[in-house]
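Chemist: below are the sequence and a predicted model; questions follow.
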Amino acid sequence: MGVVVLLCCGIGAVGAIVGDDSPQVTPSASARAVAEGAVPTPTAAAATPAAPVTTAAAPPSVAPTTKPAPPPAPVTVVMPDLVGLNAAVAQDKLKRLGITAIKLGSADENDTFVILPENWTVTKQSHKKGAKVAPDELVVLTCTKQG
C-alpha cells in the first residue's frame, strides 16, 4: 500500500514540477489496461443482454372429465284403442302420444288413397290396444270412407 501512495504522490510531484495545473486523477484498472493495449473484458451484466420479460398465459381451466351419462332407456307408448274413431282424431291422438310415423291405408276398393282423414273411419290398427310402441315405430291405421 505504501508503494501505491508513493507512486500517486510521485505523479502529483512530477506534475507540479512540470507545471501542470490540472488535478491528477488516478486511472481505473480498465483504463490502465486499455492504455497498455489490453482489451478489457466486459462484465457479466454488460455481456448478457437483458432478456425480455414475457408472461405466459395461464392454461384455460379444464373441467374434470366425467363419465358420460348412460343413454336413456328407450321410451315406449301404450297403444290406445283407435278402432271406430275418425281417422283425423286417431292421428291426432297418436301425435299427442309422441308417435311420429303414422300411415293411413284404405280398406275400400273404390277409394284407395286416404286424402282427407276427416272423411275416414279407422277399422283396424297395426298394433293392438295396450301394446308398447316406440315413438318412431310405424303405426298403420286401416280406414274406410264415410258415407
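Modeler: Perfect, thanks for sending it. What you see is a predicted model, and the numbers here were worked out from it, not measured in a lab. Numbering: from 1, shown residues only.

Chemist: quick one: the helices in the chain, in order.
Modeler: Listed from the start of the chain, the chain has helices (DSSP state H) covering 2-18, 29-35, 44-47, 87-97.

Chemist: now the shortest one: mean pLDDT?
Modeler: Along helix 44-47, the predicted local confidence has a mean pLDDT of 52.

Chemist: tell me the contacts of Leu85?
Modeler: Leu85 sits next to Lys93, Thr121, Val122 when contact means C-beta atoms under 8 Å, 6 or more residues apart in numbering. Just so you know, the C-beta spots here come from the backbone N, C-alpha and C atoms, and that holds for glycine as well.

Chemist: can you put these in JSON lines and add neighbour count and pLDDT?
Modeler: What follows is these, written out as JSON lines (neighbours: other C-beta atoms under 10 Å; pLDDT from 0 to 100):
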{"residue": "Lys93", "neighbour count": "13", "pLDDT": "97"}
{"residue": "Thr121", "neighbour count": "19", "pLDDT": "97"}
{"residue": "Val122", "neighbour count": "22", "pLDDT": "98"}
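
Chemist: turn those into TSV, including distance to Val77.
Modeler: What follows is the contacts of Leu85, written out as TSV (distance: C-beta to C-beta, whole Å):
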residue	distance to Val77
Lys93	11
Thr121	22
Val122	17
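
Chemist: show me the shaky parts of this structure.
Modeler: Applying pLDDT under 70 to the chain flags the ranges 1-64, 73-74.

Chemist: now the strands for it?
Modeler: Counting by DSSP state E, residue ranges of the strands within the chain are 77-78, 102-106, 120-125, 132-133, 139-145.

Chemist: can you pull the contacts of Gly98?
Modeler: Residues in contact with Gly98 (C-beta under 8 Å, 6+ apart) are Val75, Val77, Pro135.

Chemist: try it again with 7 Å
Modeler: With contacts defined as C-beta atoms under 7 Å, 6 or more residues apart in numbering, the neighbours of Gly98 are Val77, Pro135.
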